[in-house]
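A.B. asks: With the sequence up front, the predicted model follows.
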Amino acid sequence: MKKKKLIVTGDRVLLKPDLDEERTKVGLYLPQTVKSKEEVIGGFVIQTGPGIPLAEPSDLADEPWKKKTQEMKYLPVQAKPGDYALFLQKAGVEIKYEGENYIIIPQSAILLIIREEEENFSFETSENDELPL
């Protein structure tokens, strides 16, 4: 039997949901109001699609029958595998693949991404400094 591979298309994101805990594995506390409504949940990004396809200006030419050999360009998805994302559950589609539960959502359903920074990056503030938004 051939090995199967999941391929996420477009601007969609494949997530492993983090449904069990009041406090997520990355340290976020979800208020009871959010948890009871289950409108916002968190999960780990497993895989992303290539992004939103962009039209080439040359595609709008007067001679659409001419063959073009240009490679497709995409506006990339912001989430990356390994990120933790808070997202709107109602926008997702739940699937089960090889005994594991996953959720596929469009990038627009992601509210927040938590990504581990590289070790050489440091962000220090004093009491008078404001955090950038």
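C.D. replies: Ah, there it is. What you are looking at is a predicted structure, and each value in this text was computed from that prediction instead of being measured.
A.B. asks: switch to C-alpha atoms for all contacts and neighbour counts from now on
C.D. replies: OK.
A.B. asks: Give me the neighbour count for Glu39.
C.D. replies: By other Cα atoms under 10 Å, the residues close to Glu39 number 13.
A.B. asks: State the distance from it to Gln89.
C.D. replies: Plainly put, Glu39 is 5 Å away from Gln89 if you go by Cα to Cα, to the nearest Å.
A.B. asks: Give the residues shared as contacts by those two.
C.D. replies: Residues touching both Glu39 and Gln89 by Cα atoms under 8 Å, 6 or more residues apart in numbering: none at all.
A.B. asks: Just the C-alphas of the lengthiest strand in the chain, formatted as PDB.
C.D. replies: Using DSSP state E, we find that the single longest strand of the chain is strand 40-48. Coordinates of each C-alpha in strand 40-48 appear next as PDB, following Å, rounded to 0.1, in the frame of the first residue of the first chain:
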ATOM      1  CA  VAL A  40     -12.700  30.300  20.500                       C
ATOM      2  CA  ILE A  41     -10.300  27.300  20.900                       C
ATOM      3  CA  GLY A  42      -6.600  26.800  20.500                       C
ATOM      4  CA  GLY A  43      -4.500  24.300  18.600                       C
ATOM      5  CA  PHE A  44      -1.100  23.600  17.100                       C
ATOM      6  CA  VAL A  45      -0.500  24.300  13.500                       C
ATOM      7  CA  ILE A  46       0.500  21.100  11.700                       C
ATOM      8  CA  GLN A  47       0.500  22.200   8.100                       C
ATOM      9  CA  THR A  48      -0.500  25.200   6.000                       C
END
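A.B. asks: Tell me what Phe104 is bridged to.
C.D. replies: Not Phe; residue 104 is Ile. Beta-bridge pairing for Ile104 (DSSP bridges): Leu14, Val93.
A.B. asks: in the chain, which spans are strands?
C.D. replies: 12-18, 40-48, 52-54, 73-75, 84-88, 93-97, 100-106, 110-114.
A.B. asks: closest to Lys5 out of those strands?
C.D. replies: Checking these against Lys5 by Cα to Cα gives strand 93-97 as the closest, at 10.4 Å.
A.B. asks: Now tell me which helix or strand of the protein has the poorest mean pLDDT.
C.D. replies: helix 32-37 (a mean of 52; mean pLDDT, DSSP states H and E).
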